[in-house]
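Trainee: model this:
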Amino acid sequence: MIERYSENRTIYYRAQQIWLILIAKAHNRQTVTYQMIADILEFGGSGTLGNMLYPIKDYCSQNELPPLSAIVVQKSSGETGSGTQEYNLKDREAVFSFNWYDIVPPTPIKLKEVHKNK
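Mentor: So this is what the prediction gives:
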């Protein structure tokens, strides 16, 4: 049976969905705005995305991966969102240079475990 992200609204399922978006953008050496992600996910706005990015940030940190969330930026400034870790161009370059398609994407359960245990 087909599972749909839109039918399972936990932040960890949505974080996994965002992971897939981010690795595609990273492969193409692109940043992505919060609003672009919200549009892809068919959200009304981008205000809740921060909560969905924290599990990704924690997973990358715990597994010594480049900070994948470093390529998510605000539309107005091109900078990472307020309340999140500040990333620099070196962090973004590490994300762009990493072979994300060599890693099996984390499951929602793994994202939850890492995020809850930090």
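Trainee: List the first helix or strand encountered after the longest helix seen in the chain toward the C-terminus.
Mentor: Among the segments of the chain that qualify as a helix by DSSP state H, the longest is helix 11-27. Toward the C-terminus, helix 11-27 is succeeded by strand 32-33 as the next helix or strand (DSSP states H and E).
Trainee: If you count contacts, what does that next one end up packed against?
Mentor: Other elements packing on strand 32-33 under the criterion 3 or more C-beta pairs under 8 Å, 6 or more residues apart in numbering; DSSP states H and E are helix 11-27, strand 72-73. Every C-beta, even on glycine, is put in place using the N, C-alpha and C of the backbone.
Trainee: Flag the shaky bits of the chain, pLDDT-wise.
Mentor: Along the chain, segments meeting pLDDT under 70 span 46, 76-85, 118.
Trainee: Cheers, nothing more for now.
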